[in-house]
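Chemist: I need the structure of the sequence given here:
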Amino acid sequence: RPPEHNTTNLDLDRMNLMLDILGHPEQSFRVIHITGTNGKGSTARMAEAICRAYGMRTGLYTSPHLEKINERIAIDGQQLSDDDFIDIWDQTKDLVALVDAKMEEQGKPKMSFFEVLTAMAIWKFADTPVDMDHMQWLGDTVEQIATEKAGIIKPNCTAIIGPQPHEEAVMPILAEAAERNHAMLVRDGYEMTASDRMAAVGGQVATLTTPNGTYEGVPIAKFGELQAHNALAALAASEVVIPVNGPLDGDLVAEALSSVKIPGRIEQIRTSPTIILDGGHNVNAAEALRKAIEESYDFKQLVGVVAMMRDKHAEDYLGVLEPILSSVVVTENSWRERVMPADELEKIAVDVFGRDRVIKEANLPDAIQTAVNMVDAEDELGVGYGHGVLICGSFVTAGDARLMLEEHASPTMRQAMAVHQPAVDPDDSDQPAD
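Modeler: Predicted structure coming up:
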């Protein structure tokens, strides 16, 4: 099927037909619909946790996945089991074939990988029933991207608007869409704010102010300023869908946000030495990662292990991280069709870091081991404090590393990497073909 970064089927013909056949199950539940370039997964998980803390049944639909495709669809905080995933496919596959056949008659593309998963998620959520998050993004200029983002502003909805890097260009487009749809705007920095942030063990605390009230000293189990603003957006969205007048219960909000785990997003997976995974792959993600590490850690030595897709702006990405990395080991992840060859990434890294700070290890397990050895060699006390490894550059890279580090045994890691190929095409893009 066309992969989810495919650009040949950007209309809604297939999804509209599928929803007609299913009887429009998406109309049976309340929806928090999240779009943007960065922070979607974190915000979605935080909103889901808050709604679930209030006893609501929840469904969560996100992309990409790190380790298994099941991660993309979760019910009440638990990803689908293999049996459940297969069961949903068995219930919908004949309908998918029907839509494919109809599209073929019209000379149009069949349903894409992402559209099939979306239909499966909607069908499962209607069966629960639940609330849902669904995300996608389009465009290659900030104005075009904003116009596409604004498409999720539906009549009489509440539109939660996070911080916008290009606010002057973007906000008029979003405001016009809100006015046209009689939607209420809640903007970060205006109708809602995150303030008084302080680093804490395992994350941070912050004061979150929304149209419904002020929540002081909220624990957020993630690092960095960006995650505080993601928590703010999640809280404001939850206030809209949870049937409560006035502010939500502060204790329940704190319990929810302090328990959210977001794999592959500034995730510390090991200690001694500290190993951090991050799936971000663009400049904005790199900036958020750098700020979070500078704020939350005190590294004397931090070695990067980087594998990126060939269509990414590697020089800009590495340039943002250069001040916090002692050295970098360039490598490749398992998505052979899209990964940037290690030789090519090495040339870019040398331009950014200089020859003496760059090592090439094309095999990811070897690259991780090389980085760990470099850190161990400088750790005179042998306790790991102040020394760390950052594995980053792609969600595929983060997912591969996460699986390997759960294996423990290096020979097993190498063997797994030698045969591993993604069973599906994960979406590792900021925009289609971007």
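Chemist: Okay, strands next: where are they in this protein?
Modeler: Applying DSSP state E to the chain gives strands spanning 59-61, 73-75, 78-79, 158-161, 184-187, 193-200, 203-210, 213-220, 267-270, 274-278, 301-306, 327-332, 358-363, 387-392.
Chemist: Partner strands of the second one and their direction?
Modeler: Yep, that's strand 73-75 we're talking about. Partners of strand 73-75 in the sheet, by DSSP bridges, are strand 59-61 (antiparallel), strand 78-79 (antiparallel).
Chemist: So residue 18 versus residue 166, what's the distance?
Modeler: 34 Å (C-beta to C-beta, to the nearest Å). In short, each C-beta sits where N, CA and C put it, glycine included.
Chemist: So between the two, which is more surrounded?
Modeler: Each of residue 18 and residue 166 has its neighbours counted (other C-beta atoms under 10 Å); residue 18 has more, 23 against 12.
Chemist: What does the pLDDT read for that one?
Modeler: Note on residue 18: pLDDT of 90.
Chemist: which stretches of the protein aren't confidently modelled?
Modeler: 2-9, 128-140, 381-384, 407-434 (pLDDT under 70).
Chemist: Please, where are all the helices along it?
Modeler: 13-22, 40-53, 82-105, 113-127, 142-149, 167-180, 225-241, 250-257, 283-296, 314-321, 342-353, 364-378, 395-407, 410-419 (DSSP state H).
Chemist: Tell me the buried residues in the third one?
Modeler: When you say that, I think you mean helix 82-105. Neighbour counts over helix 82-105 (16 or more other C-beta atoms under 10 Å) mark 85, 88, 92, 95-96, 99-100, 102-103 as buried.
Chemist: got it, and the fifth one?
Modeler: Neighbour counts over helix 142-149 (16+ other C-beta under 10 Å) mark 142, 145-149 as buried.
Chemist: So which elements touch it?
Modeler: helix 167-180 (3 or more C-beta pairs under 8 Å, 6 or more residues apart in numbering; DSSP states H and E).
Chemist: okay, the angle between the helix it packs on and helix 142-149?
Modeler: 30 degrees (axes from the mean of the first three to the mean of the last three C-alpha atoms, to 10 degrees).
Chemist: before we move on, the earlier item: could the buried residues of helix 142-149 go into JSON lines alongside distance to residue 294?
Modeler: Compiled in JSON lines, the buried residues of helix 142-149 are given as follows (distance: C-beta to C-beta, whole Å):
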{"residue": "142", "distance to residue 294": "26"}
{"residue": "145", "distance to residue 294": "28"}
{"residue": "146", "distance to residue 294": "29"}
{"residue": "147", "distance to residue 294": "34"}
{"residue": "148", "distance to residue 294": "33"}
{"residue": "149", "distance to residue 294": "29"}
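Chemist: Which pair of the residues you listed spans the longest distance?
Modeler: Farthest pair in the buried residues of helix 142-149 (C-beta to C-beta) is 142 and 148. Separation: 10.9 Å.
Chemist: Find the residues that touch each one of the two.
Modeler: The overlap between the contact sets of residue 142 and residue 148 (C-beta atoms under 8 Å, 6 or more residues apart in numbering) is empty.
Chemist: follow-up on the earlier one: among the buried residues of helix 142-149, which one lies nearest to residue 242?
Modeler: Once C-beta to C-beta is applied, the member of these that ends up nearest residue 242 is residue 149, at 24.2 Å.
Chemist: Can you tell me the number of residues neighbouring the residue nearest to the closest one when sequence neighbours are not counted?
Modeler: Spatially, and ignoring its direct neighbours in sequence, residue 149 is nearest to residue 35 (4.8 Å; C-beta to C-beta, 6 or more residues apart in numbering). Neighbour count for residue 35, taken as other C-beta under 10 Å: 18.
Chemist: gap between residue 35 and residue 97?
Modeler: 29 Å.
Chemist: neighbours around residue 203, how many?
Modeler: Considering only other C-beta under 10 Å, residue 203 is surrounded by 22 other residues.
Chemist: For it, which non-adjacent residue is closest in space?
Modeler: residue 221 (4.5 Å).
Chemist: for that neighbour, what are its contacts?
Modeler: Residues near residue 221 by C-beta under 8 Å, 6+ apart: 202-203, 257-261.
Chemist: Buried only: go through these for me.
Modeler: Those of these that meet the buried threshold are 203, 257-258, 260, by 16+ other C-beta under 10 Å.
Chemist: which one of those is nearest residue 235?
Modeler: The closest of the buried ones among the contacts of residue 221, once distances to residue 235 are taken by C-beta to C-beta, is residue 257, at 7.7 Å.
Chemist: picking up where we left off before, so which of the strands paired with strand 73-75 is nearest residue 27?
Modeler: strand 59-61 (14.5 Å).
Chemist: For that closest one, which residues meet the burial criterion?
Modeler: Here strand 59-61 shows 59-61 as buried, counting by 16+ other C-beta under 10 Å.
Chemist: again, but for stretch 194-204
Modeler: So for stretch 194-204, counting by 16+ other C-beta under 10 Å, buried means 194, 197, 200, 203-204.
Chemist: Please dump the residues you listed into JSON lines; it should also carry distance to residue 181 for every row.
Modeler: Shown next, in JSON lines, are those (distance: C-beta to C-beta, whole Å):
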{"residue": "194", "distance to residue 181": "26"}
{"residue": "197", "distance to residue 181": "33"}
{"residue": "200", "distance to residue 181": "39"}
{"residue": "203", "distance to residue 181": "36"}
{"residue": "204", "distance to residue 181": "35"}
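Chemist: Fine by me, thanks again.
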